[in-house]
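Colleague: Sequence first, predicted model second:
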Amino acid sequence: MHAVVAREAGGPEVLQYTELPDPTPGPGQLLVRVAAAGVNFIDTYRRSGVYPMQYPHVVGVEGAGTVEALGDDVTGFAIGDRVAWHDAPGSYAELVAVDAAGAVPVPDGLDLTTAAALPLQGITAHYLVRSTFEVRQGHDILLHAGAGGVGLLATQLAVLHGGRVLTTVSTAEKAALSASAGAAHTIDYAALDDLTAELPALVRGLTDGRGVHVVYDGVGRSTFEASLASLRPRGMLVLFGGASGQVPPFDPQRLNKAGSLFLTRPTIAHHTLTRDELEWRTSEVFEAAASGDLKVHVGSTLSLADAGAAHEALEGRATTGKVLLVP
């Protein structure tokens, strides 16, 4: 099979499109022919060495495809089933071994390319809006990177549950895309001279001076201070990523002084602890996408051989929605 390997820790140039032996499914695994693999920031962290990894390794964790073989002790799946997954190392490949416990069925009304765009970012958007801070009617929300994959999905889910969403974006094109997802207001942070001072002022101007109930922040270092300052008393900052870098050590006493604020750092693993929870989240997201209630924006579709270009665009914030690699 063909696959994309990170030869060593480094930039996108370390990614190599090469031939490898076909994988064999172990006990409890499915062998899946990949229809499309999702490109995510975690892939860049593992490629670059931010997250410790063994090298060389096949990159990627997310995708969708068709089951070609079953390992021992697999139940509930059959050859020919269409499945998707969010945590199967080695997904930038034509074939991948997927743990059956982490594979979910793709409904008939959803094509595999769209399904591949949903597991990681769709589950993330779902737990943010439905669990970490449960959005309800009347909630004001600030969401950073509103035109990104998580941003577009979380905006739609929040609006479906009665929230009013303010987003940050960096271009007019991204502002239009975020607005099409339901954002009530978009803020071009690239036009701000002092993000930390100016963004909270704009947010409070849009919320009658009160601030928002919750900030969903996947950017991290560059937005953290502005996020805190945009919250109303007893508001929650949900820090779910660090696209601009990790937040420095933080004195929790500041939360008291700023209005008894809440700060949390959730991850997808702790929101898919059981099979029932995984199926609840994916079924709600997949069914909403199949019905049209949730629009999935695939910003670009590239070949496996172009994985380096995909990483470069993602890290350079030159992407919108989801980036997919197709064997």
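Modeller: Thanks, I have the structure now.
Colleague: Which stretches in the stretch 151-300 of the chain count as helices?
Modeller: For the stretch 151-300 of the chain, the helices defined by DSSP state H, counting those that start in this stretch occupy 172-180, 195-205, 224-229, 253-257, 275-291.
Colleague: most neighbours per residue, which of these?
Modeller: Stretch with highest mean neighbour count among the helices of the stretch 151-300 of the chain: helix 224-229 (a mean of 22; mean count of other C-beta atoms under 10 Å). Where C-beta positions appear, they are placed from N, C-alpha and C, glycine not excepted.
Colleague: Pop the domain breakdown of the chain in here.
Modeller: Residue ranges for the domains of the chain, per automatic domain parsing: 2-117+296-326, 122-264.
Colleague: okay if I get these as CSV plus mean pLDDT and distance to Val285?
Modeller: Compiled in CSV, those are given as follows (pLDDT from 0 to 100; distance: least, C-beta to C-beta, whole Å):
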stretch, mean pLDDT, distance to Val285
domain 2-117+296-326, 96, 9
domain 122-264, 96, 4
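Colleague: Save those as TSV, and put in distance to Glu279 too.
Modeller: TSV is the format used below for those (distance: least, C-beta to C-beta, whole Å):
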stretch	distance to Glu279
domain 2-117+296-326	6
domain 122-264	11
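Colleague: Just give the number of residues close to Ala181.
Modeller: 24 (other C-beta atoms under 10 Å).
Colleague: now Arg317
Modeller: For Arg317, using other C-beta under 10 Å, the count is 16.
Colleague: Same check on the one 10 residues further on?
Modeller: For Pro327, the tally of surrounding residues (other C-beta under 10 Å) stands at 20.
Colleague: State the distance from it to Thr282.
Modeller: Distance from Pro327 to Thr282, counting by C-beta to C-beta, to the nearest Å: 23 Å.
Colleague: which residues touch the closest residue to Ile123 other than its chain neighbours?
Modeller: Leaving out its chain neighbours, the residue that sits closest to Ile123 by C-beta to C-beta, 6 or more residues apart in numbering is Arg281, at 4.9 Å. By C-beta atoms under 8 Å, 6 or more residues apart in numbering, the contact list for Arg281 reads Gly122, Ile123, His126, Tyr127, Arg130, His271, Thr272.
Colleague: Need these in TSV (columns: secondary structure).
Modeller: What follows is these, written out as TSV (DSSP: H, G, I helix; E, B strand; the rest coil):
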residue	secondary structure
Gly122	helix
Ile123	helix
His126	helix
Tyr127	helix
Arg130	helix
His271	helix
Thr272	coil
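Colleague: As JSON lines, these with distance to Glu94 and neighbour count would be great.
Modeller: What follows is those, written out as JSON lines (distance: C-beta to C-beta, whole Å; neighbours: other C-beta atoms under 10 Å):
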{"residue": "Gly122", "distance to Glu94": "24", "neighbour count": "29"}
{"residue": "Ile123", "distance to Glu94": "25", "neighbour count": "25"}
{"residue": "His126", "distance to Glu94": "29", "neighbour count": "24"}
{"residue": "Tyr127", "distance to Glu94": "31", "neighbour count": "22"}
{"residue": "Arg130", "distance to Glu94": "34", "neighbour count": "18"}
{"residue": "His271", "distance to Glu94": "30", "neighbour count": "18"}
{"residue": "Thr272", "distance to Glu94": "26", "neighbour count": "22"}
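Colleague: Brilliant, that's me finished.
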